[in-house]
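# Please work out how this folds:
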Amino acid sequence: MTQAEELVRLAGDMELFHAPDDVAYASLDFEGHRETWRVRGRETRSFLRQRFFQLEQKPPSSQAVSDAVAQLEARAQFEGKHDAVYTRDS
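Numbers count the residues shown, from 1 in each chain. Next up is the predicted model:
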């Protein structure tokens, strides 16, 4: 299994969907609450690197992270549900 395939597998508990503007999102239970992140966002990339590092004791390559994010984005856009995303004002 490639690093990118392993990263996608490690993201298996993410709920993937897209907003009306076709931006891909991932939701998951994280540290006791529900988080929703842009698939191409910093949080998603960091989360994937953390999970991979915990499993393999080494970081994934940057290319593997990019490939995994592209795969997750495609799944969100073409297989995920169409859902609105709301943001909170600080």
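
# what residues are up against the closest residue to residue 64 other than its chain neighbours?
Counting by Cβ to Cβ, 6 or more residues apart in numbering, residue 3 is the residue found nearest to residue 64 once chain neighbours are left out, at 3.5 Å. (Each C-beta comes from the backbone N, C-alpha and C, glycine too.) Contacts for residue 3 (Cβ atoms under 8 Å, 6 or more residues apart in numbering) come out as 52, 60-61, 64, 68.

# can you check residue 27 too?
14-15, 17, 34-37.

# Centre of the chain to the longest helix along the chain, how far?
Secondary structure of the chain per DSSP state H: the longest helix is helix 62-78. Put simply, helix 62-78 sits 8 Å off its chain's centre (Cα atoms, centre = their mean, to the nearest Å).

# helix or strand right after it?
strand 81-82 (DSSP states H and E).

# what does the longest helix of the chain contact?
2-4, 6-8, 11, 14, 16-18, 22, 24-26, 39-40, 44-45, 48-49, 60.

# do that again at 7 Å, thanks
Helix 62-78 has contacts (Cβ atoms under 7 Å, 6 or more residues apart in numbering) with 2-4, 7-8, 11, 16-18, 22, 24-26, 39-40, 44-45, 48-49.
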